[in-house]
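*Asks:* Return atomic coordinates for the entry below.
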Amino acid sequence: MSEHADTADDLSEYADLIAEVQAMIDAGEYEAGIARFQKAARASGSDALMQRLVEMRVEGFKVINEVIDPEPMYEANELLGDPDAVKARLADDGYLFFRDVLPRDRLLEVRDDITRILAEHGWIEDGERRMDARAISRPRREGQPKFFQVHDRVMKLESLHSMAHEPHLMDVMRQALGETVFPHPLSITRLVFPGAPELSTPPHQDFPNNQGTPNLTAAWMPLADCRIEDGSLAVLEGSNKFGVLPLKFHLGAGNRAAVLPDEIRRCRWVGADFRLGDLILFPALTVHKAMENHNKERMRLSVDFRYQLEGEALTEGCLKPHFQRLSWEEIYADWKSDRYKYYWRDKHFVEVPWDENLHALPDEHIDEAYEQELAFNVAFSRRKEGQATPEAG
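*Replies:* Coordinates of the predicted model:
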């Protein structure tokens, strides 16, 4: 193969390929087009062709992160007090949305603890507006060392882990699942930067990440008012009835997106402008996603916990801290109370093996990750340049 000078002019040799792929993308076959282009670009040895691939990925983020306009969620408060009705609605819709059922003071305690850590690490503005979580640093992505510097400290917060046992929350969970319900010690915190829609959590199911019983149910709550445009949660209504879906790589949290067949795409996306104190539940097979955080200043902070009934199956990872970077002894070191330490040891459950096949990504995901990371850096830098205001004079 002839050597390339790696300039735009050298792409003339690939004009037919570029035209073919562009036609596929224009026809709505983005992923098939990218796959066609990837094969040639990776084998070519041409930096110019790889650069063109990255540019196609930059342009294609709006396709990867499908823009949706969710319809309103059903507010299920009227069902509370009737556990049979609560359970039936959860099974039918694949979610339950409740307004103002959680104590705001407890949520604000968690937010206060988290924002102190974020401010100390220079992620957000400190001072009297710290609780606003105004971002002042470049977005940190899960898996990066600077992300874990913060996340490891958040994982040690007693206020975070104890929130999973909050009495109002537990009352709702008993009505939704049953009297023996208990939370996994695995507690999830989402620290979502503004101005980085490519990093939004993609459509996914929790089951491949947790496994065990498909009746496992998540309880998601924001730590402040959170409108759709601030990055609230959206759910694909009724998607819990389609079984476990295949996976593909994505830059967002978890690095995995569900591959959605046409039959699921006929389900409707639902969402809401959440208020502090609101709560949404969904079982492990329900497809859900984070809306893009279009707030230009504030981070979106939320927490979610996983619940199941005693006697049901779970995997060993659900009994460990998120990302499994810390031991429980390290997490508990500075807690003031022993009440929620190792509480699950008194619960009855069936521990089952982890099935890596349910969590594995396609073989080419490493190249996919590298190219998406390059494209994100280009897209983010261009947005920042576009937001910059030239100095006067």
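*Asks:* In the stretch 51-200 of the chain, mark out all the helices, start to finish.
*Replies:* Taking DSSP state H, counting those that start in this stretch as the test, the helices found in the stretch 51-200 of the chain are 83-93, 104-120, 145-154, 158-163, 167-176.
*Asks:* Tell me which of those is the most buried.
*Replies:* Mean neighbour count, computed with mean count of other CB atoms under 10 Å, is highest for helix 158-163 among the helices of the stretch 51-200 of the chain, reaching a mean of 20. The C-beta positions use only the backbone N, C-alpha and C, and glycine is treated the same way.
*Asks:* okay, that helix in PDB with CA atoms only?
*Replies:* Written as PDB, here are the backbone C-alpha positions of helix 158-163 (Å, rounded to 0.1, in the frame of the first residue of the first chain):
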ATOM      1  CA  GLU A 158     -22.600   7.600  55.900                       C
ATOM      2  CA  SER A 159     -25.400  10.000  54.800                       C
ATOM      3  CA  LEU A 160     -25.400   8.400  51.400                       C
ATOM      4  CA  HIS A 161     -25.600   4.700  52.500                       C
ATOM      5  CA  SER A 162     -28.100   5.400  55.300                       C
ATOM      6  CA  MET A 163     -30.400   7.200  52.800                       C
END
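*Asks:* Wait, residue 315 touches residue 356, no?
*Replies:* No: the criterion here is CB atoms under 8 Å, and residue 315 misses it with residue 356 at 11.0 Å.
*Asks:* Which one of the two is surrounded by more residues?
*Replies:* Neighbours per residue (other CB atoms under 10 Å) separate residue 315 from residue 356, with residue 315 holding more: 18 against 8.
*Asks:* Kindly report the domain assignment for the protein.
*Replies:* Here the domain parsing of the chain from automatic domain parsing is 8-64+365-385, 71-354.
*Asks:* how long is the longest one from one end to the other?
*Replies:* Spelled out, that is domain 71-354. 36 Å (CA to CA, to the nearest Å).
*Asks:* any idea which strand is longest in the protein?
*Replies:* When the chain is scanned for its longest strand (criterion: DSSP state E), the result is strand 181-192.
*Asks:* and the helix or strand just after that one, what's its mean pLDDT?
*Replies:* Once strand 181-192 ends, the next helix or strand along the chain (criterion: DSSP states H and E) is helix 207-210. In this model, helix 207-210 has an average pLDDT of 96.
*Asks:* swap in stretch 324-333?
*Replies:* In this model, stretch 324-333 has an average pLDDT of 97.
*Asks:* where in the stretch 51-200 of the chain is pLDDT low?
*Replies:* 62-65 (pLDDT under 70).
*Asks:* Pull the number of nearby residues for residue 207.
*Replies:* 22.
*Asks:* That one touches residue 285, doesn't it?
*Replies:* Yes: with contact defined as CB under 8 Å, residue 207 reaches residue 285; the gap is 5.5 Å.
*Asks:* Overlap in contacts, the two.
*Replies:* Common contacts of residue 207 and residue 285, defined by CB atoms under 8 Å, 6 or more residues apart in numbering, comprise 214, 244.
*Asks:* Geometric centre of this structure: which residue is closest?
*Replies:* Residue closest to the average C-alpha location in the chain (CA atoms, centre = their mean): residue 201, at 3.2 Å.
*Asks:* for that residue, what are its contacts?
*Replies:* Here residue 201 is in contact with 190, 192, 252-254, 289-290 (CB under 8 Å, 6+ apart).
*Asks:* now with 6 Å?
*Replies:* For residue 201, the contacting residues are 252-253, 289-290, by CB atoms under 6 Å, 6 or more residues apart in numbering.
*Asks:* tell me the two of those residues that are most distant?
*Replies:* 253 and 289 (10.2 Å; CB to CB).
*Asks:* Name the residue in the two with the higher neighbour count.
*Replies:* residue 289 (23 against 19).
*Asks:* circling back to that earlier point, any idea of the angle the longest strand of the chain forms with helix 167-176?
*Replies:* 120 degrees (axes from the mean of the first three to the mean of the last three CA atoms, to 10 degrees).
*Asks:* Describe which strands strand 181-192 pairs with in its sheet and in which direction.
*Replies:* Strand 181-192 has the following strand partners under DSSP bridges: strand 300-309 (antiparallel).
*Asks:* could you point out which element follows the strand it pairs with?
*Replies:* Strand 300-309 is succeeded, C-terminally, by strand 313-314 (DSSP H and E).
*Asks:* Tell me the spatial nearest neighbour of residue 372, not counting adjacent residues.
*Replies:* Of all residues not flanking residue 372 in the chain, residue 251 sits nearest, at 5.0 Å (CB to CB, 6 or more residues apart in numbering).
*Asks:* Next up, phi/psi of the one you found, please.
*Replies:* Dihedral pair for residue 251: phi -70, psi -20, per degrees, to the nearest 10.
*Asks:* Distance of it relative to residue 322?
*Replies:* In this structure, residue 251 and residue 322 are 19 Å apart, going by CB to CB, to the nearest Å.
*Asks:* cool, residue 295 as well?
*Replies:* Counting by CB to CB, the gap from residue 295 to residue 322 is 25 Å.
*Asks:* out of everything not next to it in sequence, what's closest to residue 331?
*Replies:* residue 156 (5.1 Å).
*Asks:* What is the neighbour count of that neighbour?
*Replies:* 18.
*Asks:* How about residue 99?
*Replies:* The local packing of residue 99 (other CB under 10 Å) involves 14 other residues.
*Asks:* so it makes contact with residue 279?
*Replies:* No: Residue 99 is beyond contact range of residue 279, at 8.4 Å (criterion: CB atoms under 6 Å).
*Asks:* For residue 176, list the residues it contacts.
*Replies:* By CB under 6 Å, 6+ apart, the contact set of residue 176 is 86, 90, 281.
*Asks:* Name the spans of the stretch 251-393 of the chain whose pLDDT lies under the cut-off.
*Replies:* Those would be 387-393, if you go by pLDDT under 70 across the stretch 251-393 of the chain.
*Asks:* how about the strands of the protein, start to end?
*Replies:* Per DSSP E, the chain carries strands over the ranges 71-72, 96-98, 181-192, 217-222, 233-236, 247-249, 256-258, 269-271, 279-283, 288-290, 300-309, 313-314, 350-351.
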